[in-house]
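Colleague: quick one, fold the following:
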Amino acid sequence: MHLQEQQDFHPESEKKSLIIFYDDKKPLFQELDKKLNGKLRELDGERYKTVVTLGLIPAPSVHILPEDTFQSAKKQEKAFRKAVGELENDALLLVDTFPAESVKEVMEQTLMAAYRFERFKPTTKDEKGEKAIHYHAKAADEREITRGIILGEAVNNTRDLVNTPYNHLNAEKLAEYVEKFKQYDNVKLEILEKEDCEKLGMGAFLAVNAGSKDPLKLIHLEYEGAKGEEMTGLVGKGIMYDTGGYSLKSATGMPSMKMDMGGAATVLGAFEAVVRSDIEKNVSVTIAATDNKIGDDAHVPDDIITSAAGKTIEIISTDAEGRLTLADALWYAQKRKARRLIDVATLTGAVVGALGKHHTGAFSNNDDFFGEFAKAAEETKEGLWRLPVSAGHHEDLKSKVADMKNSGGRVGAGASIAGAFLEKFVDDDTPWIHLDIAGTAYESETGAKGSMVRTIARHLGV
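Modeller: Sure, this is the predicted structure:
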């Protein structure tokens, strides 16, 4: 679904359904109210309403978002879902009825509410048809409109990636997907094959791929928007499908594991927003993409592997595989001159137990860096909660036979222990944030959510 601009709007001839905000001080609201014989002013503005026009104007209905729409993420999402979800006709979004400071959010939320994943339901799609949504704006900030559309589309592209099943999106297909970024002059793309990773000593990444018939891909993108400035590295967990390996997931735990590459999809969505917005920052993306399957050569518990950083790792669980791939990806991002790191991963069930589905778990080694990021999360209204990584969590990873274990076992605090594992692969002087989106990336009923795309993009200046 794409928003299309419509230059002209005439209430006496417009036949599309209208989407507006309740603000009786706005001239456009007043004009519509007059033509509807005062029906709009009769509303209290506190609840979402649909007014059937009964022929007073050609538009069959007017969908009115309440005055408190932008007070919270929940209210915002609910209001736009109702407005867009109830559409029976093509619609026209009247941007000038909304608060000027919320224009970007209006565009984002309209696109996000209109999202449907129907790639594999062609019959249903043909029967229903696709409703078109247009927008009209005369007074609204054009730059904010453009940014909002870019962000909304980036979120929806992220959702498409996460919702696509493994038989249609493996590591090779993801590498093909990122080829689209080559169209931008200030973007460089590098894709490393298995042989390249062997030369680099990426034993952690290679171990996870060892049981797969599909080749791994190390994807590295760089955007240069500010020559000479420091690079922010985005690192995404790219486990295209996770069976758990020989530490096999249960029959109920395995469905939806196509979403285990949600971190990779998230950083690609944020990168898309950065590149299309042409911001003055330098940003890289690193993704170690593979599935985690059982095979003749698959790694097993008790194995000891060596990461690209030279650290040896005792395998306790092959279902703690995402952190292995991230270890080598974090090392590579720093090798390619990233001086600030944000990694994103559907990493632990423990974070879901701790925070549920409304807050992303965050970990950091730098208070100032985290503070900047948390401010962006406040602005996008995406739930974020900082969790600790302490010396005790590092203690839980000690191994008698290697530099560390890949899991703390059943000691609890699994999300923090996973964060402690990743921290071991971050240079001491490198500000780092780890986002565990296991609870916020995907819902079984509605699919991918695209969480943290807007917050990361906002933090980077979009």
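Colleague: next SSE downstream of the helix of greatest length in the chain?
Modeller: In the chain, with assignment by DSSP state H, the single longest helix is helix 142-163. Scanning forward in sequence from helix 142-163 by DSSP states H and E, the next helix or strand is helix 171-177.
Colleague: what's that following helix packed up against?
Modeller: If you count contacts as 3 or more Cβ pairs under 8 Å, 6 or more residues apart in numbering; DSSP states H and E, helix 171-177 packs onto strand 217-224, strand 231-242, strand 282-292. Heads up, the C-betas are built off the backbone N, CA and C, glycines and all.
Colleague: tabulate those (JSON lines), appending mean neighbour count and mean pLDDT.
Modeller: Formatted as JSON lines, the helices and strands packed on helix 171-177 follow (neighbours: other Cβ atoms under 10 Å; pLDDT from 0 to 100):
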{"stretch": "strand 217-224", "mean neighbour count": "22", "mean pLDDT": "98"}
{"stretch": "strand 231-242", "mean neighbour count": "27", "mean pLDDT": "98"}
{"stretch": "strand 282-292", "mean neighbour count": "28", "mean pLDDT": "98"}
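Colleague: Arg454: which of those is closest?
Modeller: Between Arg454 and the helices and strands packed on helix 171-177, the tightest spacing by Cβ to Cβ is seen for strand 231-242, at 13.9 Å.
Colleague: using CSV, write down the CA coordinates of that closest one.
Modeller: Output of strand 231-242 as CSV, limited to C-alpha atoms (Å, rounded to 0.1, in the frame of the first residue of the first chain):
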residue,chain,number,x,y,z
MET,A,231,30.3,5.5,11.5
THR,A,232,27.4,4.1,13.4
GLY,A,233,27.1,0.4,12.9
LEU,A,234,23.8,-1.4,12.9
VAL,A,235,24.1,-5.1,13.4
GLY,A,236,21.1,-7.4,12.9
LYS,A,237,20.5,-11.0,13.8
GLY,A,238,19.9,-12.8,10.5
ILE,A,239,18.8,-16.3,11.5
MET,A,240,16.5,-16.9,8.6
TYR,A,241,14.9,-19.9,10.3
ASP,A,242,15.6,-21.4,13.7
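Colleague: partner strands of that strand and their direction?
Modeller: In the sheet, strand 231-242 lines up against strand 282-292 (parallel), strand 338-345 (parallel) (DSSP bridges).
Colleague: and the next helix or strand past the helix or strand of the chain with the lowest mean pLDDT?
Modeller: Between all helices and strands in the chain, the lowest mean by mean pLDDT, DSSP states H and E belongs to helix 122-128, at a mean of 63. Helices and strands here follow DSSP H and E; after helix 122-128, the next one along the chain is strand 133-136.
Colleague: report the mean confidence score over stretch 141-161.
Modeller: Here stretch 141-161 scores 97 as its mean pLDDT.
Colleague: related to what we said a few turns ago, could you dump the helices and strands packed on helix 171-177 to JSON lines with distance to Phe369?
Modeller: Output for those, formatted as JSON lines (distance: least, Cβ to Cβ, whole Å):
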{"stretch": "strand 217-224", "distance to Phe369": "20"}
{"stretch": "strand 231-242", "distance to Phe369": "10"}
{"stretch": "strand 282-292", "distance to Phe369": "15"}
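Colleague: the helices in the stretch 251-400 of the chain, which residues?
Modeller: Ranges of helices within the stretch 251-400 of the chain are 262-277, 322-335, 349-355, 367-380, 391-395, based on DSSP state H, counting those that start in this stretch.
Colleague: any regions of the chain where pLDDT drops low?
Modeller: Applying pLDDT under 70 to the chain flags residues 1, 124-129.
Colleague: just to revisit the earlier point, list the buried residues in the longest helix of the chain.
Modeller: With burial defined by 16 or more other Cβ atoms under 10 Å, the residues of helix 142-163 counted as buried are 144-145, 147-163.
Colleague: and that helix, how far from the chain's centre?
Modeller: Centroid separation between helix 142-163 and its chain, computed with Cα atoms, centre = their mean, to the nearest Å, is 10 Å.
Colleague: neighbours of Glu31, how many?
Modeller: By other Cβ atoms under 10 Å, 12 other residues sit near Glu31.
Colleague: same question but for Lys49, I mixed them up
Modeller: Residues contacting Lys49 under the criterion other Cβ under 10 Å number 18.
Colleague: the closest residue in space to it that isn't next to it in sequence and Val51, how far apart?
Modeller: Leaving aside its sequence neighbours, Lys49 sits nearest to Ile64 (Cβ to Cβ, 6 or more residues apart in numbering; 4.7 Å). Noted for Ile64: a distance of 7 Å to Val51, by Cβ to Cβ, to the nearest Å.
Colleague: now the longest helix of the chain and helix 262-277, what's the angle there?
Modeller: In terms of direction (axes from the mean of the first three to the mean of the last three Cα atoms, to 10 degrees), helix 142-163 departs from helix 262-277 by 150 degrees.
Colleague: what is the orientation angle of helix 142-163 with helix 367-380?
Modeller: Angle, helix 142-163 to helix 367-380, by the same axes, to 10 degrees: 100 degrees.
Colleague: packing partners for helix 142-163?
Modeller: Counting contacts by 3+ Cβ pairs under 8 Å, 6+ apart, helix 142-163 packs against helix 103-114, helix 262-277, strand 447-448, helix 453-459.
Colleague: list phi and psi for Leu435.
Modeller: With angles defined as degrees, to the nearest 10, Leu435 sits at phi -110, psi 120.
Colleague: about what we covered before: now the strands paired with strand 231-242 in TSV, with distance to Ala100?
Modeller: Output for the strands paired with strand 231-242, formatted as TSV (distance: least, Cβ to Cβ, whole Å):
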stretch	distance to Ala100
strand 282-292	29
strand 338-345	31
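Colleague: per the record, what domains does the protein have?
Modeller: 3-140, 155-459 (automatic domain parsing).
Colleague: re the thing from before, need the helices and strands packed on helix 142-163 in TSV (columns: mean neighbour count).
Modeller: Below are the helices and strands packed on helix 142-163 laid out as TSV (neighbours: other Cβ atoms under 10 Å):
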stretch	mean neighbour count
helix 103-114	24
helix 262-277	28
strand 447-448	21
helix 453-459	27
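Colleague: looking at these, which is closest to Asp8?
Modeller: Asp8 lies closest to helix 103-114 among those, at 19.2 Å (Cβ to Cβ).
Colleague: and the closest one with helix 367-380, angle?
Modeller: Helix 103-114 runs at 70 degrees relative to helix 367-380, counting by the same axes, to 10 degrees.
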